[in-house]
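Peer 1: Structure, please.
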Amino acid sequence: MSLIYGSVNYTPNGRKRKPLRRKNVKKSPFIEYKPSKSYAQERADETKRYQSCMASPAKARGDSKDSPRYTGDYIIGIATLHKSNAVPVTNQKYAKEISRMAK
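Peer 2: Numbering: from 1, shown residues only. As a prediction, this is how the structure comes out:
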């Protein structure tokens, strides 16, 4: 059993070794690197993609509803009663009362 001490670049006596000179070794021509696709990427490319589903799958299935929006004329505005408490105002009379309370 032989043990190797030190570096490969130096002899056991401490002298630096000369680099090995290789004769008749042809250098390979430069080949451009082209990354290959993974198996998962190839399978994903094979599947059909539907544009209607890509935006929102829940809407395509009919699971989700549109967000509710107020379309009537019963509420005329929103007032602040106390600090950040938002209160819906339904008529002019309530708007005046809320403005008097805020003072």
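Peer 1: So Tyr70: helix, strand or coil?
Peer 2: With DSSP: H, G, I helix; E, B strand; the rest coil as the basis, the three-state label of Tyr70 is coil.
Peer 1: All further residue positions should be reported with the first residue as 50.
Peer 2: OK, 50 is where the count begins now, so the last one is Tyr119.
Peer 1: Tell me the pLDDT of it.
Peer 2: For Tyr119, the pLDDT comes out at 77.
Peer 1: again with the one 10 residues further on
Peer 2: Predicted confidence (pLDDT) at Thr129: the value is 85.
Peer 1: pretty sure it is touching Pro137, no?
Peer 2: No - between Thr129 and Pro137 there is no contact under CB atoms under 8 Å: 11.5 Å. For glycine as for every other residue, the C-beta is placed from the backbone atoms N, C-alpha and C.
Peer 1: what touches both of these two?
Peer 2: Common neighbours of Thr129 and Pro137, using CB atoms under 8 Å, 6 or more residues apart in numbering, do not exist here.
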